[in-house]
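Asks: return a 3D structure for these sequence lines:
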Amino acid sequence: MKPSNSAPSGSAAAIEEQFGRRVAARLSAGNLELSHDIGERLRAARVQAVARRKAVPQLRPAPVALSNGPAAALGGGWWTRIGSVVPLVALAAGLMAISVIQDERRTNELAEVDSALLTDDLPPAAYTDPGFAQFLKTSDAAER
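Replies: Numbers count the residues shown, from 1 in each chain. Now for the predicted structure:
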């Protein structure tokens, strides 16, 4: 039994194919000396092995998209890259703008609350509160 090469002899698939055919030929030659029961068990094992054998992936060339539209005329590669970067830049700018606007709003709200507290009249009970007297003493010491 001569092995047949369906692929170029230098490829790994062809070498594996040759090796498999040589092993199968040796096993088949020794099969004649075995009893019928053992031969049948070996045949069943061969059938199972062939059924479980991994399929060799077929390599196919990558499909090439040919375009005659405006993107091809303007250099589709660069325009595609620019088109994918522009949304990211817009997103980053939008997030920064939102952050600045929120910071301004918080600052304005705090300023309004502070000005309302400072310009509001104090009730007479606040002047007699011992905590208020302590606050005035610590604020005078901090200002000096």
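Asks: among the helices and strands of this protein, which has the poorest mean pLDDT?
Replies: The weakest-scoring helix or strand in the chain, judged by mean pLDDT, DSSP states H and E, is helix 70-73 (a mean of 50).
Asks: next SSE downstream of it?
Replies: On the C-terminal side of helix 70-73, the nearest following helix or strand under DSSP states H and E is helix 76-119.
Asks: chain center to that following helix, what's the gap?
Replies: Centroid separation for helix 76-119 versus its chain: 27 Å, with CA atoms, centre = their mean, to the nearest Å.
Asks: do stretch 33-44 as well
Replies: For stretch 33-44, the distance to the chain centre is 52 Å (CA atoms, centre = their mean).
Asks: quick one: average confidence on it?
Replies: Mean pLDDT, stretch 33-44: 82.
Asks: show me which positions of that stretch end up buried.
Replies: By neighbour count, with 16 or more other CB atoms under 10 Å as the criterion, stretch 33-44 contains no buried position. All C-beta spots, glycine's among them, are computed from the backbone N, C-alpha and C.
Asks: touching that stretch from outside, list them.
Replies: Leu27, Asn31 (CB atoms under 8 Å, 6 or more residues apart in numbering).
Asks: put the alpha carbons of it into CSV.
Replies: C-alpha atoms of stretch 33-44 as CSV (Å, rounded to 0.1, in the frame of the first residue of the first chain):
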residue,chain,number,x,y,z
GLU,A,33,-2.5,-13.1,12.4
LEU,A,34,-5.1,-12.1,15.1
SER,A,35,-8.2,-14.0,16.1
HIS,A,36,-11.6,-13.0,14.8
ASP,A,37,-12.8,-11.5,18.1
ILE,A,38,-9.7,-9.3,18.6
GLY,A,39,-9.9,-8.2,14.9
GLU,A,40,-13.5,-7.1,15.4
ARG,A,41,-12.7,-5.2,18.5
LEU,A,42,-9.8,-3.4,16.7
ARG,A,43,-12.0,-2.6,13.8
ALA,A,44,-14.7,-1.1,16.1
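Asks: Pro87 and Gly94, how far apart?
Replies: Per CB to CB, to the nearest Å, Pro87 is found 10 Å from Gly94.
Asks: quick one: Leu88 from Gly94, how far?
Replies: 11 Å.
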